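>>> Next come a sequence and a model predicted from it.
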Amino acid sequence: MKKQLILTCVLVFYSIGCRSEYEAHNGDIIFQTSLSRQSIAIQQATNSKYSHVGIVYLKNNNAFVYEAVEPVKLTPLKKWIAQGKGKHFSVKRLANAENILTEKAVQRLLQVGKIFEGKQYDLYFEWSDETIYCSELVWKIYKRALNIEVGNLQKMDEFNFSDPLVQQKVHERFGDSLPEDEIVISPAAIFSSNNLVTIYEQ
């Protein structure tokens, strides 16, 4: 019994002490809980612990997150992580990425992503390219660059609007005219995509 306890302690210490750091790859999809004013409402409406998502890009051997904030831009990975709640983040990678994300495919991701650079954040979650929100950016880049859907599209009325905070935010944005048929994609839908696998969490 004593030997088993010692062995368990050693294994726990080893697993924590030797935990490897996240090794960023082009095209990784990274999630966090943001500290924005609408974060809790997004979490409640989509039944998700994550409210923000972006794509990892490598530039001159440095890791960045391409994200739709105000405006769409590259943010250094370390800074991006520090901005999230508790510095917690989770990373998904395309299943079979080693075969799909070739150098040519990565270049397509970068080229398509460039189209959205500098665009303003979409407060109304419209399915247009005039303005854009975080999960919309990620989904459209993968779809247009590689014809891969990282998450199932939904309609606005499929979200959960029962929470008072969510109702308040909806009224602030839309008044009494919620666009129920608007096509949307949430961080939660991307996180649960069958085309992605979790490769790191902190």
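All right, it came through fine.
>>> can you pull out the strands in the chain?
In the chain, the segments counted as strands under DSSP state E are 29-32, 52-59, 62-68, 72-76, 90-94, 154-155, 183-184, 196-201.
>>> how about the ones you listed, which one is nearest residue 100?
Residue 100 sits nearest to strand 90-94 of all the strands of the chain, at 5.7 Å, using CB to CB. (Each C-beta comes from the backbone N, C-alpha and C, glycine too.)
>>> Show me what residue 29 is bridged to.
Going by DSSP bridges, residue 29 is paired in beta bridges with residue 55, residue 92.
>>> residues contacting it?
53, 54, 55, 56, 91, 92, 93, 138, 150, 190, 196 (CB atoms under 8 Å, 6 or more residues apart in numbering).
>>> before we move on, the earlier item: most packed of the strands of the chain?
strand 29-32 (a mean of 27; mean count of other CB atoms under 10 Å).
>>> Tell me where the model's unsure across the chain.
The chain contains residues with pLDDT under 70 at 1-19.
>>> Mind doing that once more with 80?
1-20, 36-38 (pLDDT under 80).
>>> out of the strands of the chain, nearest to residue 104?
That would be, of these and by CB to CB, strand 90-94, which comes in at 14.6 Å.
>>> so how far is that closest one from its chain's centroid?
Relative to the mean C-alpha coordinate of its chain, strand 90-94 is positioned 9 Å out (CA atoms, centre = their mean, to the nearest Å).
>>> what packs against that strand?
Secondary-structure packing of strand 90-94 (3 or more CB pairs under 8 Å, 6 or more residues apart in numbering; DSSP states H and E): strand 29-32, helix 187-191, strand 196-201.
>>> what do you get if the cut-off is 6 Å, keeping everything else the same?
strand 29-32, strand 196-201 (3 or more CB pairs under 6 Å, 6 or more residues apart in numbering; DSSP states H and E).
>>> Would you reformat those strands as a markdown table and include distance to residue 167?
Listed next are those as a markdown table, based on distance: least, CB to CB, whole Å:
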| stretch | distance to residue 167 |
| --- | --- |
| strand 29-32 | 25 |
| strand 196-201 | 31 |
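>>> which one of those lies closest to residue 169?
Among these, strand 29-32 sits nearest to residue 169 (CB to CB), with 19.4 Å.
>>> Tabulate the CA atom coordinates of the closest one in CSV.
Output of strand 29-32 as CSV, limited to C-alpha atoms (Å, rounded to 0.1, in the frame of the first residue of the first chain):
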residue,chain,number,x,y,z
ILE,A,29,-7.4,27.1,-33.6
ILE,A,30,-7.0,28.6,-30.1
PHE,A,31,-9.8,29.3,-27.6
GLN,A,32,-10.1,31.3,-24.4
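>>> Next up, the contacts around the residue positioned nearest the centre of the chain.
Nearest to the geometric centre of the chain sits residue 53, at 2.0 Å (CA atoms, centre = their mean). By CB atoms under 6 Å, 6 or more residues apart in numbering, residue 53 lies in contact with 31, 134, 135, 138, 187, 190.
>>> Thanks a lot, see you next time.
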